[in-house]
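1. Got a predicted structure here, sequence first:
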Amino acid sequence: MDQFKSKLAGHRIQNSPKIQKLISELVEAVRGEERELVSIRAPQAEAMDHGKHMFDDVAKYRGRPLQYQFVGTGAGHGAYVEVEDGSVKLDLINGIGVHIFGHGHAKIREAAVRGALSDIVMQGGLEPNHEYMKLSKLLVEHASKRSRLKYVWFATCGSMANENALKIARQKNSPAKLVIAMKNAFAGRSTMMAEVTDNPAYKEGLPEYNEVLRIPWYDSSKKTSSADSLRAFKEIVSANPGQVATFIFEPMLGEGGYRTAPRDFFVPILEFCREQKIAVWADEVQTFMRTGELFAFETLCIGEYIDICTIAKTLQTAATLYTEDYNPRPGLIAGTFAGSSASLAAGMAAVEMISGEGYLGDSGKIRKTHRAFIKMLNDLNETSCKGLLRDAGGMGLMIAVTPLDGSKDKVNKLLQVLFKNGMIAFSCGRDPYRLRFLLPAILEQKDIDLAGKILETSILEMMQ
Ligand SMILES: Cc1ncc(COP(=O)(O)O)c(C=O)c1O
């Protein structure tokens, strides 16, 4: 076999020590240029005009200004990213949860460069290259350890992976077409995913298709919360017999406010779905790789119930995983793109690193970072920012806190002040609006300390 391999040009490229050395040297040279990006830096006087032009041009050509004065230079190091105005920011949002290993990580970059050396830029389902096959195998092997998930189909964004999931559920359970989702759910930006999403601001002017019904998310302050949601679920099903195709849920409410729920909240609902043959669909677009296990359904120990699972973001592309029972008939799901060769290769490196380099489990790096970050927030809330950073929580590398009075205006203002002071975060939830962090897995204690300092300065600045 090995002899045969050396006859294939592609295998010679993959195994060539000379090419490997060139890639390593290239990545090392680039990293060398990024050496200084190890902390925050204010905008640089000589770069500010240039930066402003770039920020303004984004607004000019897309018809809407940037949320932040941010266009990256393409250089970054760990949790720090360089901006075209010469500033360096502590990036705690990472493209909304995409760059799980932060910026300029050597192994991710090497993988992406290797992928980029492929004969093709984009891969798809018709003529995939080996990265497609290897990533499929890796994902299915991991997913099937603690669930019945057996197959995977790639897409290029979470919304499209979700569209595929919905089609799979509806085909199998046809003619049932209704969807049960959570209040405050977020599922993406396609027409149907905007319908699943429970935020009027994201679908202004769109028609209602009336295909989504909702149950309340877990409320830890209400003793009857789990029973209330189960009852609401059962009421929907009995009012629509044979009509409910699927139940979609985020293992932790994401855009809806970073609210967690215990296993006991989910299990009775999932048992009922199983009994009623309603497809259980975990939308792990945001939670994948972040909760201390590879899948949040593992963190919650609910893998046995999952029929369909969607992932994206940290994967560097997107995918729908499903069981044997839900394997759709040919023709239902396809699509030109599965991802770029670079993104498939980098996604594979990310999965391998998260699952094999000490990040998972209770004593793994993800949960340690979670505890340290929450501690920093709680310490501030009890000392210099007393009562101004409440309710810190989340799962793993997804953390939110309610700042100030939790109003939209104040939180948006705070985000801009944080940005000015060197840190990038985002918001989630409504009433209250929360400050959201999608932390990189490589965050160090010194970065958490710096985040604490910037937060403290910014909150106090807001109080002046
Ligand atoms: C839970 C969830 N589902 C779906 C999506 C949509 O993913 P994408 O933006 O890649 O289409 C998101 C994006 O934030 C998400 O958080």
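-> Thanks, I have the structure now.
2. where in this structure is pLDDT low?
-> The model of the chain has pLDDT under 70 over residues 1-2.
3. Compute the distance between residue 390 and residue 315, please.
-> 33 Å (Cβ to Cβ, to the nearest Å). All C-beta spots, glycine's among them, are computed from the backbone N, C-alpha and C.
4. swap in residue 126?
-> 21 Å.
5. And these two? Which one has more around it.
-> Shown here are residue 126 and residue 315; by other Cβ atoms under 10 Å, residue 315 has more neighbours (27 against 9).
6. Test my guess that the more buried one contacts residue 354.
-> No - Residue 315 is not in contact with residue 354 according to Cβ atoms under 8 Å; the separation is 10.6 Å.
7. how about the strands of the stretch 201-350 of the chain, start to end?
-> Applying DSSP state E, counting those that start in this stretch to the stretch 201-350 of the chain gives strands spanning 212-215, 244-249, 279-284, 308-311, 318-323, 339-340.
8. neighbouring contacts of the fourth one?
-> To tie it back to what came earlier, the one meant is strand 308-311. Around strand 308-311, the neighbours that count as contacts under Cβ atoms under 8 Å, 6 or more residues apart in numbering are 139, 143, 147, 149, 158, 161-162, 164-165, 168-169, 246, 279-285, 288, 295, 297, 318-323, 326.
9. Neighbouring strands - and their directions - for that strand?
-> Its sheet considered, strand 308-311 pairs with strand 279-284 (parallel), strand 318-323 (antiparallel) by DSSP bridges.
10. Likewise for the second one?
-> Each strand that strand 244-249 pairs with, and the sense of that pairing, follows from DSSP bridges: strand 178-182 (parallel), strand 279-284 (parallel).
11. do the same with the shortest one
-> Strand 339-340 has the following strand partners under DSSP bridges: strand 122-123 (antiparallel).
12. so how far is the strand it pairs with off the chain centroid?
-> With Cα atoms, centre = their mean, to the nearest Å as the basis, strand 122-123 stands 22 Å off its chain's centre.
13. between residue 315 and residue 354, what contacts are shared?
-> Common neighbours of residue 315 and residue 354 (Cβ under 8 Å, 6+ apart) are residue 289.
14. what's the neighbour count on the closest residue to residue 28 other than its chain neighbours?
-> Leaving aside its chain neighbours, residue 28 sits nearest to residue 106 (7.7 Å; criterion: Cβ to Cβ, 6 or more residues apart in numbering). Counted with other Cβ under 10 Å, residues neighbouring residue 106 total 13.
15. Residues of the stretch 351-464 of the chain that sit close to the ligand?
-> By the rule Cβ under 6 Å from any ligand atom, no part of the stretch 351-464 of the chain lies against the ligand.
16. so where do the strands sit in the stretch 351-464 of the chain?
-> Assigned strands in the stretch 351-464 of the chain, in chain order: 389-395, 398-403, 423-424, 426-428, 434-438 (criterion: DSSP E, counting those that start in this stretch).
17. which strands and helices sit next to the second one?
-> For strand 398-403, the packing partners by 3 or more Cβ pairs under 8 Å, 6 or more residues apart in numbering; DSSP states H and E come out as helix 365-382, strand 389-395, helix 408-420, strand 434-438.
18. Close to the ligand: what parts of the chain are there?
-> Neighbours of the ligand within the chain, by Cβ under 6 Å from any ligand atom: 96, 157-159, 162, 186-189, 250, 254-255, 283, 285-286, 312.
19. wait, what's in contact with residue 83?
-> Contacts for residue 83 were tallied using Cβ under 8 Å, 6+ apart; they are 43, 51, 69, 70, 71, 72, 73, 89.
20. just to revisit the earlier point, so which of the strands paired with strand 308-311 is the most surrounded?
-> Among those, strand 279-284 has the highest mean neighbour count (mean count of other Cβ atoms under 10 Å), at a mean of 29.
21. Off-centre distance for it?
-> Its chain's average C-alpha position is 15 Å from that of strand 279-284, according to Cα atoms, centre = their mean.
22. tell me which residues in stretch 405-423 are buried?
-> Across stretch 405-423, burial judged by 16 or more other Cβ atoms under 10 Å covers 406, 411, 414, 415, 417, 418, 419, 420, 421, 422, 423.
23. which residue ranges form the helices in the stretch 101-250 of the chain?
-> 106-116, 130-143, 158-172, 191-196, 225-239 (DSSP state H, counting those that start in this stretch).
24. that older thread, which of the strands of the stretch 351-464 of the chain sits most buried?
-> Taking mean count of other Cβ under 10 Å, strand 434-438 is the most buried of the strands of the stretch 351-464 of the chain, at a mean of 27.
25. Can you check what angle separates it from helix 365-382?
-> If you take axes from the mean of the first three to the mean of the last three Cα atoms, to 10 degrees, strand 434-438 sits at 150 degrees to helix 365-382.
26. name the helices or strands packed onto strand 434-438?
-> Using 3+ Cβ pairs under 8 Å, 6+ apart, strand 434-438 is in contact with helix 94-97, strand 398-403, helix 408-420, strand 426-428.
27. Distance to residue 241 for these - can I get that in JSON lines?
-> Formatted as JSON lines, the helices and strands packed on strand 434-438 follow (distance: least, Cβ to Cβ, whole Å):
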{"stretch": "helix 94-97", "distance to residue 241": "38"}
{"stretch": "strand 398-403", "distance to residue 241": "37"}
{"stretch": "helix 408-420", "distance to residue 241": "41"}
{"stretch": "strand 426-428", "distance to residue 241": "36"}
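28. Any idea which of these gets closest to residue 437?
-> The closest of the helices and strands packed on strand 434-438 to residue 437 is strand 398-403. By Cβ to Cβ, the value is 4.7 Å.
29. Check the offset of the closest one from the chain's centre.
-> Distance, centroid of strand 398-403 to centroid of chain: 16 Å (Cα atoms, centre = their mean).
30. contact partners of that strand?
-> With Cβ under 8 Å, 6+ apart as the test, strand 398-403 has contacts from 97, 252, 254, 257-258, 286-287, 290-291, 370, 373-374, 377, 381, 388-394, 410-411, 414, 428-429, 432-439, 459.
31. For it, list the C-alpha coordinates in CSV.
-> The C-alpha trace of strand 398-403 is given here as CSV (Å, rounded to 0.1, in the frame of the first residue of the first chain):
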residue,chain,number,x,y,z
MET,A,398,-19.4,30.6,26.3
ILE,A,399,-19.9,33.1,29.1
ALA,A,400,-22.3,36.0,29.7
VAL,A,401,-22.9,38.5,32.5
THR,A,402,-25.6,41.1,32.9
PRO,A,403,-23.9,44.5,33.2
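32. Right, I'll leave it there.
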